[in-house]
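Engineer: sequence plus the predicted model coming up.
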Amino acid sequence: MAEISEIICVTCPKGCTLRVKHEGKQVLEVLDGCKRGEEYAICELQDPRRMVASTVRVDGGLHPLVPVYTKKAFPKHLIPDLARALRNVEIPAPVKINQVVLPNALGTGIDVVASRDMPKVAA
Ligand code: SF4
């Protein structure tokens with residue numbers, strides 16, 4: 001049976017509330033917003049994803065942690081598992097910006113990369 005759910009679109013700063021008519025995960029109609037909002041609502045219902053930012057440990061770095069992020073939006077239901085996996089990652093210094101620190105995270109095909117350089121600490 002069709003139902004209507006409300007989804008807040010975060011694609012642009014307007015933050016429209018979209019009413020989505022759907023049967024389970026099958027979207028029948030997006031009643032508000034623009035074309036981008038419609039795409040967002042369909043994705044949010046069928047395969048919600050988020051960009052993930054975190055840190056991983058660096059061995060011998062100027063700082064003990066380096067910030068990292070997912071190269072693409074990551075499946076939302078796997079984010080807790082990704083956080084656990086990143087807690088077990090330690091990479092040697094120096095680290096270069098965009099260096100892959102966790103390839104193909106959890107078999108998703110999405111790499112986690114460093115978002116800044118982390119030089120080696122001077123001996
Ligand atoms: S529906 Fe369109 S206008 Fe509204 S927040 Fe989403 S992208 Fe922006």
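Structural biologist: Perfect, thanks for sending it.

Engineer: from here on, just use CA atoms for contacts and neighbour counts.
Structural biologist: Noted.

Engineer: residues from the chain in reach of the ligand?
Structural biologist: 9-12, 14-16, 33-34, 36-37 (CA under 6 Å from any ligand atom).

Engineer: switch these over to CSV; also include secondary structure.
Structural biologist: Putting the residues of the chain next to the ligand into CSV (DSSP: H, G, I helix; E, B strand; the rest coil) gives the following:
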residue, secondary structure
9, coil
10, coil
11, coil
12, coil
14, coil
15, coil
16, coil
33, coil
34, coil
36, helix
37, helix
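
Engineer: Provide a PyMOL selection command restricted to the buried entries of the residues you listed.
Structural biologist: Restricted to buried positions by 16 or more other CA atoms under 10 Å, the PyMOL selection for the residues of the chain next to the ligand reads:
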select buried, resi 9+16+33+37
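
Engineer: take the residues of the chain next to the ligand and write them to TSV, including pLDDT and distance to residue 74.
Structural biologist: Putting these into TSV (pLDDT from 0 to 100; distance: CA to CA, whole Å) gives the following:
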residue	pLDDT	distance to residue 74
9	96	17
10	92	16
11	92	16
12	96	19
14	97	23
15	97	21
16	97	23
33	95	24
34	97	24
36	97	19
37	96	19
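
Engineer: the chain: helices as residue ranges?
Structural biologist: Assignment of helices within the chain using DSSP state H yields the ranges 35-46, 79-87.
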